[in-house]
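S.K.: I need the structure of the sequence given here:
(chains A and B)
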Amino acid sequence: MNAALAIIGFFFVVAVALALLARRGHEMSLEQWSLGGRGFGTIFVFLLMAGEIYTTFTFLGGSGWAYGRGAPALYILCYGAIAYCMSYFLLPVIWRYARDRRLVSQADFFVEKYESRALGILVAAVSVAALVPYLVLQLKGLGIIVSEASFGSVRPSVAVWAGAIALMVYVVISGVRGSAWTAALKDIMIFGVAVGIGIYLPLHYYGGYAEMFARIEAAKPGFLTLPDHGSSPTWFISTVLLSALGFYMWPQYFASVYTAKSEDVFRKNAMMLPLYQLVILFVFLTGFAAVLVVPGLTGSDTDLSLLRISRNTFGAPMLGLIGAAGLLTALVPGSMILISAATILAQNVYRPLSKGATDRTVSVLARALVPVIALVAVVLALRGGSAIVNLLLMGYNLVTQLFPAVVLSLFRRRVMTATGAFAGIVAGVSTVAYISLSGTSLATLLPWAPDAVKDLNVGIVALMMNVAVFALVTLATGRRHVSQQSAAAPLPLTSEQS
Amino acid sequence: MATSIAPFRLRKYHWLAVIPPIGMLAGVPFVNRVHTLVLGLPVLLSWIVGWVVLASACMALLYALDHRAAPEPGERQ
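M.R.: Numbers count the residues shown, from 1 in each chain, chains lettered A, B, ... in the order given. I've put the predicted structure just below:
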């Protein structure tokens, strides 16, 4: 057993122990298990949000994009900051509504706002279709990181199994408290490791940052600016905007809003999270440093750039720390995804379809579903083919389709109908699926359009379809529905209230 | 516990929140034409990093202004 593996193993054990300790002294109702009893203060919500947002995609994909594509990678640094500016206004409103109605999942928000359980089931289906591939991505990333950082002494499949089993155990036992405690360890580790190597590598290999970028520009002219076609400024701006709209629509982020104990938590986090976001800058610096140091990685192998340059540079102990940080970037978001997916299936699919389900059954079922979802993810991670890749590419665009229905429900008076929301989401999601599977872009849809239009992110078409159908169906069904609904009592979400 | 979900009052200074997104993105086509380095980073990268820091500053300013404008009882702790 080498030193790197020993360090990774040590942090693995510490993370699982922390997660299990987090349970102490808490009765595990569904509200406790998936929302920490709505008692988290600024620091815990910060840890959770930072913990979920910086996933293996940020760590491996961020450096991989900088290495493989150059300037277009910078979009990853932009959309978070814009989403945080929105969060200052959006999250307190969502939080207050969720607290007053005792909502436990994102789909609950739609059920209550639009008074439609069918809409809840649709949102649940969209959520799970986006969440499961995202979990698979975390597990795959975990396998790559542990295997590379241990110099190949652990096979990826072994690491995937070990990670998934640990997740199952601590998620079932501790729920979101376990995620929050491990996130504390993870956020500190990733900060130290990413900033540390991002500062060190350019100095070590190039003698400075300006020297590094000058040499990259000389070797690959235009690599550090956006091209005129393809990933042009138009593509960049439209992609950032779409990603910013979809940001808080991920069910696990949305649910982490419910864990807060006051709305002030979000206003404070809106100023802290952009600064933490700068970790990505250092991930980019590592990816850029790798361009001339470990050249020749192409396709999905660009994701290995951070680990390869680290292997060429550092000894086993440092590699162990990098591997441990990478492991935690998979476990923390993975645990939140598992909790969300299980909660949604139990609360928004099982409960409405079974008559007379008690809170207790739903709570037990949610935890029983955790191993099932984790096993599905392991199987897909180990033998998933191109279908899973397609779903992954769709994930962000899928959850973005929930944005119009959330925002248009925030008015004091209901302006849109449940039927409209349902039809809009179906239209948007179908468009996303068609576009992704057929490889459509605006250039193929509108061959006569100017370049500025052709380079727009094609996700915009899906969002426009969504909003158009939402508006038309609302107009067609509006008057009757609104008058019925204003008289109706809110639907009970938990059996205590009914 | 309030049952209505009245959105908190929007004030003029809340426009501060739209400055970072617009500033960051509107500048992209222009700084993208420049091939020099600023603070050792390509212009596009230092532009974005600068706006991320400004986003945090704008949010901090908003927070301070909101706290001065009479917090609603029971809402802030």
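S.K.: now the nearest residue to A:Ile53 once chain neighbours are set aside: how far from A:Leu241?
M.R.: Of all residues not flanking A:Ile53 in the chain, A:Gly80 sits nearest, at 6.7 Å (Cβ to Cβ, 6 or more residues apart in numbering or on different chains). All C-beta spots, glycine's among them, are computed from the backbone N, C-alpha and C. Between A:Gly80 and A:Leu241 the computed distance is 13 Å (Cβ to Cβ, to the nearest Å).
S.K.: so which of the two has more stuff around it?
M.R.: When A:Gly80 is set against A:Leu241 and neighbours are counted by other Cβ atoms under 10 Å in any protein chain shown, the residue ahead is A:Gly80, at 24 against 19.
S.K.: for chain B, what spans make up the strands?
M.R.: B:37-38, B:41-42 (DSSP state E).
S.K.: identify the residues contacting the first one?
M.R.: Looking back up the chat, that one is strand B:37-38. Contacts of strand B:37-38 from elsewhere in the structure, counted by Cβ atoms under 8 Å, 6 or more residues apart in numbering or on different chains, are A:210, A:213-214, B:43, B:46-47.
S.K.: show me which pair in those residues is furthest apart.
M.R.: A:Ala214 and B:Trp47 (18.2 Å; Cβ to Cβ).
S.K.: who's more crowded, these two?
M.R.: B:Trp47 (21 against 16).
S.K.: roughly how far does A:Ser153 sit from chain B?
M.R.: Distance, A:Ser153 to chain B, using Cβ to the nearest Cβ, to the nearest Å: 37 Å.
S.K.: A:Ala6 versus that residue, what's the distance?
M.R.: 11 Å.
S.K.: shaky segments in the chain?
M.R.: In the absence of a named chain, this looks at chain A. In the predicted model of chain A, residues A:1, A:384-390, A:479-498 satisfy pLDDT under 70.
S.K.: that was the other one, I meant chain B.
M.R.: Short version for chain B, where the test is pLDDT under 70: B:1-8, B:70-77.
S.K.: closest to A:Val432 among the contacts of strand B:37-38?
M.R.: B:Trp47 (31.0 Å).
S.K.: list the contacts of that closest one.
M.R.: B:24, B:27-28, B:31, B:38.
S.K.: among those, which are in helices?
M.R.: Per DSSP state H, helices hold the following members of those: B:24, B:27-28, B:31.
S.K.: tell me who's in contact with the residue nearest to the spatial centre of chain B.
M.R.: What sits nearest the mean C-alpha location of chain B, by Cα atoms, centre = their mean, is B:Ala55, with 3.6 Å. B:Ala55 sits next to A:81-82, A:84-85, A:274, B:20-21, B:24 when contact means Cβ under 8 Å, 6+ apart.
S.K.: for the residues you listed, which one is nearest A:Thr259?
M.R.: A:Tyr84 (17.5 Å).
S.K.: can you tell me the element A:Pro133 falls in?
M.R.: helix A:117-149 (DSSP states H and E).
S.K.: how about that helix: buried residues?
M.R.: Neighbour-count burial for helix A:117-149, counted by 16 or more other Cβ atoms under 10 Å in any protein chain shown, picks out A:117, A:119-149.
S.K.: try stretch A:15-28
M.R.: In terms of neighbour count (16+ other Cβ under 10 Å), stretch A:15-28 has its buried residues at A:15-16, A:18-19, A:22-23, A:28.
S.K.: format the residues you listed as JSON lines; extra columns: secondary structure and distance to A:Ile280.
M.R.: Formatted as JSON lines, these follow (DSSP: H, G, I helix; E, B strand; the rest coil; distance: Cβ to Cβ, whole Å):
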{"residue": "A:Ala15", "secondary structure": "helix", "distance to A:Ile280": "23"}
{"residue": "A:Val16", "secondary structure": "helix", "distance to A:Ile280": "27"}
{"residue": "A:Leu18", "secondary structure": "helix", "distance to A:Ile280": "25"}
{"residue": "A:Ala19", "secondary structure": "helix", "distance to A:Ile280": "26"}
{"residue": "A:Ala22", "secondary structure": "coil", "distance to A:Ile280": "28"}
{"residue": "A:Arg23", "secondary structure": "coil", "distance to A:Ile280": "32"}
{"residue": "A:Met28", "secondary structure": "coil", "distance to A:Ile280": "35"}
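S.K.: now these as CSV including distance to chain B?
M.R.: Formatted as CSV, the buried residues of stretch A:15-28 follow (distance: Cβ to the nearest Cβ, whole Å):
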residue, distance to chain B
A:Ala15, 29
A:Val16, 34
A:Leu18, 27
A:Ala19, 28
A:Ala22, 24
A:Arg23, 26
A:Met28, 24
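S.K.: okay then, goodbye and thanks.
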